[in-house]
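Undergrad: Sequence and predicted structure are below.
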Amino acid sequence: MPAVFLAAKTALAVMLVVAGAAKLADLSGFGATIRLFLPPGAAAHRWSLRVIGVVSAGVACGELMLGSASLSSPAAAWLNIAVLGTTCAFVVVAGVGFAFHRGRSCSCFGGLSHRRFDRAGITRSVVIAGVAGLGTAAVPGTLIRLDLADRCLLLAAAALLASVAFSAARGLAAGRLEVGRRTS
């Protein structure tokens, strides 16, 4: 059973790295989703554009850093709790998005996904939070004994994964723009 807990931690860490990097590749698209959650009329203010940009970048970088830290330090209980809290926030965002912005893009994986605020999105978020709950279970130290070199290699793997996700999201976005130009 400890292997299942470790697999849950790893899968969530990888998901966070990919999601954060993909959001970074399309901050304006993710910002449009954040704008949905502002009070009516607030998005028209000049200050809100800066705030949306900062929040977009902060969420994306936060996911990227949390995933990287979780991947390289799976025994850190506080990181497991932070991942659980983050995934619970995903459930709230999915629920509020479904209630008020049904059918709009959630930008949960930036340009890598066309997911929308819908019932399936709520279900996915609840499953992800459930997996994060599994990830909080203690795993015997013998399964996750990592030295500094191991941690550095895992951080390098996270950086490589983030680079690939970022490039893929950028490439897909550029392809969509090119297709849009040709059909116009």
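TA: Alright, I've got the coordinates.
Undergrad: For the chain, which residues score under the pLDDT cut-off?
TA: The chain contains residues with pLDDT under 70 at 42-47, 176-184.
Undergrad: now for the lengthiest helix in it, which elements pack on it?
TA: Identified as the longest helix of the chain according to DSSP state H is helix 148-183. Counting contacts by 3 or more C-beta pairs under 8 Å, 6 or more residues apart in numbering; DSSP states H and E, helix 148-183 packs against helix 2-25, helix 46-72. Every residue, glycine included, has its C-beta placed from N, CA and C.
Undergrad: Any chance of a markdown table for the ones you listed, columns mean neighbour count and distance to F90?
TA: Formatted as a markdown table, those follow (neighbours: other C-beta atoms under 10 Å; distance: least, C-beta to C-beta, whole Å):
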| stretch | mean neighbour count | distance to F90 |
| --- | --- | --- |
| helix 2-25 | 21 | 9 |
| helix 46-72 | 18 | 10 |
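Undergrad: of those helices, which approaches G111 most closely?
TA: Closest to G111 of the helices and strands packed on helix 148-183 is helix 2-25 (C-beta to C-beta; 6.0 Å).
Undergrad: distance between the closest one and the chain's centre?
TA: 8 Å (C-alpha atoms, centre = their mean, to the nearest Å).
Undergrad: before we move on, back to that, would you convert the helices and strands packed on helix 148-183 into TSV that also reports distance to G121?
TA: TSV is the format used below for these (distance: least, C-beta to C-beta, whole Å):
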stretch	distance to G121
helix 2-25	13
helix 46-72	17
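Undergrad: closest one to G175 among those?
TA: The closest of the helices and strands packed on helix 148-183 to G175 is helix 2-25. By C-beta to C-beta, the value is 12.7 Å.
Undergrad: can you dump the C-alpha coordinates of the closest one into PDB?
TA: This file holds the C-alpha atoms of helix 2-25, laid out as PDB (Å, rounded to 0.1, in the frame of the first residue of the first chain):
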ATOM      1  CA  PRO A   2       2.800   2.500   0.600                       C
ATOM      2  CA  ALA A   3       3.700   2.300  -3.100                       C
ATOM      3  CA  VAL A   4       0.200   3.500  -3.900                       C
ATOM      4  CA  PHE A   5       0.700   6.500  -1.600                       C
ATOM      5  CA  LEU A   6       4.100   7.300  -3.200                       C
ATOM      6  CA  ALA A   7       2.600   6.900  -6.700                       C
ATOM      7  CA  ALA A   8      -0.200   9.400  -5.700                       C
ATOM      8  CA  LYS A   9       2.400  11.900  -4.500                       C
ATOM      9  CA  THR A  10       4.500  11.600  -7.700                       C
ATOM     10  CA  ALA A  11       1.500  11.800 -10.000                       C
ATOM     11  CA  LEU A  12       0.300  15.000  -8.300                       C
ATOM     12  CA  ALA A  13       3.700  16.500  -8.300                       C
ATOM     13  CA  VAL A  14       4.100  15.900 -12.100                       C
ATOM     14  CA  MET A  15       0.600  17.200 -12.700                       C
ATOM     15  CA  LEU A  16       1.400  20.400 -10.800                       C
ATOM     16  CA  VAL A  17       4.600  20.900 -12.700                       C
ATOM     17  CA  VAL A  18       2.900  20.400 -16.100                       C
ATOM     18  CA  ALA A  19      -0.100  22.600 -15.200                       C
ATOM     19  CA  GLY A  20       2.100  25.400 -13.900                       C
ATOM     20  CA  ALA A  21       4.400  25.400 -16.900                       C
ATOM     21  CA  ALA A  22       1.500  25.300 -19.300                       C
ATOM     22  CA  LYS A  23      -0.200  28.300 -17.600                       C
ATOM     23  CA  LEU A  24       3.100  30.200 -17.800                       C
ATOM     24  CA  ALA A  25       3.100  29.600 -21.500                       C
END
